[in-house]
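S.K.: Sequence first, then the predicted structure:
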There are 2 protein chains.
Amino acid sequence: MCQLLGMNCNTPTDICFSFTGFQARGGGTDVHRDGWGIAFFEGKGTRLFLDPQPSCDSPVAELVRHYPIRSLNVIAHIRKATQGPTGLENTHPFIRELWGRYWIFAHNGDLLDYAPEFDGSFMPVGQTDSERVFCHLLQSLRQRFPRGMPERIALHSALDAFAAQIRPFGQFNFLLSNGDYLFAHRSTELHYLIRQAPFAVAHLKDEDVSVDFSEVAGNSDRVALIATQPLTDNEIWLPLPVDRVALFFEGAFFAGNVSAPDVLAGA
Amino acid sequence: MCQLLGMNCNTPTDICFSFTGFQARGGGTDVHRDGWGIAFFEGKGTRLFLDPQPSCDSPVAELVRHYPIRSLNVIAHIRKATQGPTGLENTHPFIRELWGRYWIFAHNGDLLDYAPEFDGSFMPVGQTDSERVFCHLLQSLRQRFPRGMPERIALHSALDAFAAQIRPFGQFNFLLSNGDYLFAHRSTELHYLIRQAPFAVAHLKDEDVSVDFSEVAGNSDRVALIATQPLTDNEIWLPLPVDRVALFFEGAFFAGNVSAPDVLAGA
């Protein structure tokens, strides 16, 4: 299977520390050798770095680890192929445009006998179930809101309904962002952590690297991190609720289809 | 204005040498400081590196210059902003998916009073005339061929007709690729060169760097390069015909809507 990493913040933040641990799992400390990718939103624009080779050996991953790109929303993925061969067109995250906004999607799981009908508005380029479900998701959103992007609660509710429709096909852990919001759906495994004041030292699980966030973060900064498996060994990562689409906005966590954040405090 | 660089080959080739000269023009030997980008096709997949800072100072450009990515179709762009502020969402090349294929587009020019009607299938994210015309182009193609990608001659002919419709709005030099073909349209300035056996030494115009292609290229290799301004000073670059969409396929040049290559021999 694969691993997911997401970040959603209230102030542009770089992901170099977390990515260092995540990168090691792509063929170093773990088995996810079939490509990796990361997307950074900067305003409405996005940059997507993809590499079909393992992240632990990738020159592109080395760049990402050392080049601090400050972003409000980041999605990364390391792949262990289940459906579709290793190759650039099957490397997550995937990108499409809907309503004049870029959407970025990464999936961990396996959908079986899943063959949605496409109307041609969003078509998969590669062979993965993941890209297929992303195209299906955007097609559903566009059909439901043909005039443009709805406000947050309606969007969240539509994604919740879509996820419920897909769950019978198999494991469907995903991250989705349009640069404003980061949506996360756990069907089997997905954790989160919210870092905010008072900040402390965090220590990676996969590499002996620490950062003292009290020295680098501003007092009002709030950063939500979402990962398949916790990335640090001295912070408390919480499992996301199963079978619900969670929304992260400005570093706060909204568990279900609600208008107020559920948990503002993190570890 | 901006500068364009394209490469189309019959065998996967890296663009490190040409990019070295092109990168220098992004704020070094020339004035195109408002961002840059490059897209590489690998099969049906594509990787797009974008940076809103000048290419001459960009760590991402340093990576691209030193990391040989072998590709059949490459499109690069350095920007001097005319419409739309500097920012990631206004940085070329742009990417969209149509008919289950990625399309990459970069533009050099300025279209005035150009406000196409969009049906919602492809919407601009940023503020440039360039992204606007790319969305318009894909919308037109989809309307004309709703069932999927037509064969090469029909596609070429549709692009020729579209370009004719846009030319009255202003300068419209562009490069477009779907990973199989590279289309190039010159309204003011665009040159090309075909490298094939017998190969010789090429020397960059913008940096004192040479490569002896007889040592690195295979006998049957054929590489077409397309650039706003010639990149080397000891090879003969030809201007593309004005106001026609040229097609490059497997390193060969097709000037108009024809089925046989016009020029196979280059300098």
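M.R.: Done, it's in.

S.K.: what angle sits between the helix or strand containing residue A:47 and strand B:45-51?
M.R.: Here residue A:47 sits within strand A:45-51, counting by DSSP states H and E. With axes from the mean of the first three to the mean of the last three CA atoms, to 10 degrees defining the directions, strand A:45-51 sits at 130 degrees from strand B:45-51.

S.K.: what about residue A:65, which SS state?
M.R.: Assigned with DSSP: H, G, I helix; E, B strand; the rest coil, residue A:65 falls in the helix class.

S.K.: what sits up against the strand holding residue A:47?
M.R.: Strand A:45-51 is contacted from outside by A:35-40, A:58, A:60-61, A:63-64, A:69, A:88, A:91, A:93, A:95, A:102, A:104, A:179, B:45, B:47-52, B:87-91, B:125-126, using CB atoms under 8 Å, 6 or more residues apart in numbering or on different chains. For every residue, glycine as well, the C-beta is placed using N, CA and C.

S.K.: and residue A:69, how many residues sit next to it?
M.R.: Applying other CB atoms under 10 Å in any protein chain shown, we find 22 residues neighbouring residue A:69.

S.K.: tell me the secondary structure for it?
M.R.: Under three-state DSSP, residue A:69 comes out as coil.

S.K.: Would you mind pulling up the elements that the one helix or strand residue A:156 maps to packs against?
M.R.: Per DSSP H and E: residue A:156 is located in helix A:152-166. On a contact count with 3 or more CB pairs under 8 Å, 6 or more residues apart in numbering or on different chains; DSSP states H and E, helix A:152-166 meets helix A:129-144, strand A:170-177, strand A:182-185, strand A:245-249.

S.K.: out of those, nearest to chain B?
M.R.: The closest of the helices and strands packed on helix A:152-166 to chain B is helix A:129-144. By CB to the nearest CB, the value is 7.7 Å.

S.K.: and the closest one, what does it pack onto?
M.R.: strand A:94-98, strand A:101-111, helix A:152-166, strand A:170-177.

S.K.: Any idea which of the ones you listed gets closest to residue A:25?
M.R.: The closest of these to residue A:25 is strand A:101-111. By CB to CB, the value is 12.2 Å.

S.K.: one step back: what comes up buried for the helix holding residue A:156?
M.R.: A:155-156, A:158-160, A:162-163, A:166 (16 or more other CB atoms under 10 Å in any protein chain shown).

S.K.: Quick check: pLDDT value at the closest residue to chain B within the stretch 151-267 of chain A.
M.R.: Nearest residue of the stretch 151-267 of chain A to chain B, counting by CB to the nearest CB: residue A:179, 9.2 Å away. Looking at residue A:179, its pLDDT stands at 97.

S.K.: Could you do the one 5 residues further on as well?
M.R.: Among the per-residue scores, residue A:184 holds a pLDDT of 98.

S.K.: now do the one 10 residues further on
M.R.: At residue A:194, the predicted lDDT confidence score is 97.

S.K.: and stretch A:32-43, how far out from the chain's middle?
M.R.: Centroid displacement of stretch A:32-43 relative to its chain, using CA atoms, centre = their mean, to the nearest Å, is 9 Å.

S.K.: What's the end-to-end length of it?
M.R.: For stretch A:32-43, the first-to-last residue distance is 30 Å (CA to CA, to the nearest Å).

S.K.: do the same with stretch A:38-52
M.R.: First-to-last distance for stretch A:38-52 - CA to CA - comes to 12 Å.

S.K.: do the same with stretch A:67-83
M.R.: End to end - CA to CA - stretch A:67-83 spans 32 Å.

S.K.: Distance-wise, check residue A:5 relative to residue B:25.
M.R.: Here residue A:5 is placed at a distance of 36 Å from residue B:25 (CB to CB, to the nearest Å).
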